[in-house]
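# give the three-dimensional model of this entry:
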Amino acid sequence: MTMPSTLRVGASRGLIEILQIVRTREALIFTFAFPAVLSVLLGYIFDTPVSPGAATTHSQVFAVGMIAYGVLSTAFISVGVGIAVDRADGTLLRLRGTPATAGAYFLGKILLVLFAALSETALLLAVAVGLFHLELPSDPGRWLTFAWLLILSVIACTLLGIAASSLARSARSAPAVLNLPVLILQFTSGIFVHIAALPSAMVNLSALFPVKWMGQGFRSVFLPDALAAQEVAGAWEPGRTALVLGAWCVIGLALSLATFRWTDRR
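Residues are numbered from 1 along each chain as shown. Prediction:
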């Protein structure tokens, strides 16, 4: 039994995307290493217990939160900028003449980001364990939570990156257009700043977007349950996290289908 055409073409497209980034040494190094570098910097600056006498340190919290940053950076910025460049230089126009549909193209990008996210996460966890003494969970249930969190996060952020690529008027302006919302959300969603230190109004506004839930979800996987009390709701809220991320997957798909363009406006 063969896969439907869109799935088959999308899987082939994803393999091509992965091979392209693997063969580009600079892109490979900077894409995978940047979240880990930020984790090291923040970890050493804020290497103190989250509360007096606590075994968990801020460095461990930041290291875990960087998983959310890595997914968002790769899925939203890298994908969005890459599509803007492909649209400007005619790559998408040439691709349109092949059997690749928009759905297959979207699937290829999702597979690329999933590969990158898994690689970034492995490096981030190695840094957290080796430098900041994070203990990885032994409970299979937590790893199952990590799996659906990562998949939903990758799908939602990739589709939003595809949709946001249409906001840039040119490939040159795409990095500025896409970096600004990502930078703001990292601070207001508890990734670069501990969630307990943020004003409630800021956190409530950020809760409308997926980043806050991604960070909270990954903290629930790798940090002790006692730290759930420091979250806004005083709990990890896995059910609500799944609902919000699932909703953003649907919203992202709708926006991508509505805004995706094979050619530049000009």
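
# and the closest residue to residue 7 other than its chain neighbours, how many neighbours?
Nearest residue to residue 7 in three dimensions, chain neighbours excluded: residue 107, at 6.9 Å (Cβ to Cβ, 6 or more residues apart in numbering). To be clear about C-beta, it is placed using only N, CA and C from the backbone, and glycine gets the same treatment. Other residues within reach of residue 107, judged by other Cβ atoms under 10 Å, total 23.

# how close does residue 107 get to residue 17?
Residue 107 is 10 Å from residue 17, where distance means Cβ to Cβ, to the nearest Å.

# try residue 122
Distance from residue 122 to residue 17, by Cβ to Cβ: 19 Å.

# please apply the same query to residue 147.
In terms of Cβ to Cβ, residue 147 sits 22 Å off from residue 17.

# quick one: which of those two has more around it?
residue 17 (21 against 11).

# what helix or strand is the more buried one on?
helix 5-23 (DSSP states H and E).

# and that helix, what's buried?
Under the neighbour-count criterion of 16 or more other Cβ atoms under 10 Å, helix 5-23 has 6, 9, 10, 12, 13, 14, 17, 18, 21 buried.

# starting at the chain centroid, how far to it?
For helix 5-23, the separation from the chain centroid amounts to 19 Å (computed by Cα atoms, centre = their mean, to the nearest Å).

# in the helix ranked longest in the chain, what counts as buried?
Determined from DSSP state H, the single longest helix within the chain is helix 102-132. Under the neighbour-count criterion of 16+ other Cβ under 10 Å, helix 102-132 has 102-117, 119-121, 123-125, 127-128, 131-132 buried.

# packing partners for the helix or strand that it is followed by?
As assigned by DSSP H and E, the chain's next helix or strand after helix 102-132 is helix 140-164. Other helices and strands packing on helix 140-164, by 3 or more Cβ pairs under 8 Å, 6 or more residues apart in numbering; DSSP states H and E, are helix 58-72, helix 79-88, helix 102-132, helix 174-188, helix 210-222, helix 238-259.

# tell me the angle the longest helix of the chain makes with helix 5-23.
Relative orientation of helix 102-132 versus helix 5-23 (axes from the mean of the first three to the mean of the last three Cα atoms, to 10 degrees): 40 degrees.

# between helix 79-88 and helix 102-132, find me the angle.
140 degrees.

# against which helices or strands is helix 102-132 packed?
Using 3+ Cβ pairs under 8 Å, 6+ apart: helix 102-132 touches helix 5-23, helix 25-45, helix 58-72, helix 79-88, helix 140-164, helix 238-259.

# what mean pLDDT does the fifth one get?
Per-region confidence: helix 140-164 scores 95 on mean pLDDT.

# distance of residue 145 from residue 103?
28 Å.

# in the protein, where is pLDDT below threshold?
The model of the chain has pLDDT under 70 over residues 1-4, 27-28, 264-266.
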